[in-house]
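Asker: This is a predicted model, with the sequence first.
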Amino acid sequence: MHITTSQTSENRKRHGEHVLISLTYIGKNIEMKTGIELTRALEQWRRYFEESGLVSALVINDGYFVQNIQGSRPAVNTALAKIVDEHFKILPNIVKLEEIEALRWDGFVTKHLTESVEDEEYALKSFSAGSDFNPYLMKSTQIESFFKVVFEDG
């Protein structure tokens, strides 16, 4: 028995192009030792995300990355594979992966945490185990809350 449909295979979206997902990961910054290296890498990622139709929020300090990437399922999967392949020293640890209804961020937003009082307040509002920022010690709900606090003005 052969069934014919009026929909072409290209329109079926077999790879999840119609599904939006949000992926949050943490990683350790051991690869980029200088501000110039980091700035170049962030600009490359901003361009890549823009070309791929992804949006992202990234919090970074001297030792850690915390990033939320949002977009179509195939685009997010490709970006994660690229992170693992090209930046193997970061070794991303996925904290949360979920389907979403709409994109939350507007482009590629970045916050670099410094040792300022304001940045210490960001960390302490969501994570009260000390003033040192270490996302590996945070629960996924704390990381989610942390993103809200850091980017609520943006």
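Answerer: Arrived safely.

Asker: what about this structure, any weak spots by pLDDT?
Answerer: 1-15, 30-35, 88, 115-132, 153-154 (pLDDT under 70).

Asker: residue ranges for the strands of it, please.
Answerer: Remark: strands assigned in the chain by DSSP state E are 20-28, 55-60, 64-72, 93-100, 108-112.

Asker: list the contacts for Tyr48?
Answerer: Ala79, Lys82 (CB atoms under 8 Å, 6 or more residues apart in numbering). In this view, the C-beta of every residue, glycine as well, is placed from N, C-alpha and C.

Asker: let me redo that: Trp45
Answerer: By CB under 8 Å, 6+ apart, the neighbours of Trp45 are Ser56, Phe108.

Asker: Take the strands of the chain and write them to a markdown table, including distance to Glu37 and mean neighbour count.
Answerer: Shown next, in a markdown table, are the strands of the chain (distance: least, CB to CB, whole Å; neighbours: other CB atoms under 10 Å):
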| stretch | distance to Glu37 | mean neighbour count |
| --- | --- | --- |
| strand 20-28 | 15 | 20 |
| strand 55-60 | 12 | 21 |
| strand 64-72 | 14 | 22 |
| strand 93-100 | 22 | 13 |
| strand 108-112 | 14 | 17 |
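
Asker: which one of those strands lies closest to Arg46?
Answerer: Among the strands of the chain, the nearest to Arg46 by CB to CB is strand 108-112 (4.2 Å).

Asker: List the strands paired with that closest one, with their directions.
Answerer: strand 55-60 (parallel) (DSSP bridges).

Asker: neighbouring contacts of the partner strand?
Answerer: 29, 38, 42, 45, 49, 65-71, 103-113, 146-147, 150-151.

Asker: top helix in this structure by residue count?
Answerer: Ranked by residue count under DSSP state H, the longest helix found in the chain is helix 35-52.

Asker: Take it, keep the C-alpha atoms, and write them as CSV.
Answerer: In CSV, the C-alpha atoms belonging to helix 35-52 read as follows (Å, rounded to 0.1, in the frame of the first residue of the first chain):
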residue,chain,number,x,y,z
GLY,A,35,41.5,39.3,27.3
ILE,A,36,42.4,39.6,23.6
GLU,A,37,41.9,35.9,23.0
LEU,A,38,38.6,36.0,24.9
THR,A,39,37.4,39.1,22.9
ARG,A,40,38.3,37.4,19.6
ALA,A,41,36.5,34.2,20.6
LEU,A,42,33.4,36.0,21.7
GLU,A,43,33.2,38.0,18.5
GLN,A,44,33.6,34.8,16.5
TRP,A,45,30.8,33.2,18.5
ARG,A,46,28.5,36.2,18.2
ARG,A,47,28.9,36.1,14.4
TYR,A,48,28.3,32.4,14.3
PHE,A,49,25.2,32.6,16.4
GLU,A,50,23.8,35.4,14.3
GLU,A,51,24.4,33.5,11.1
SER,A,52,22.8,30.4,12.6
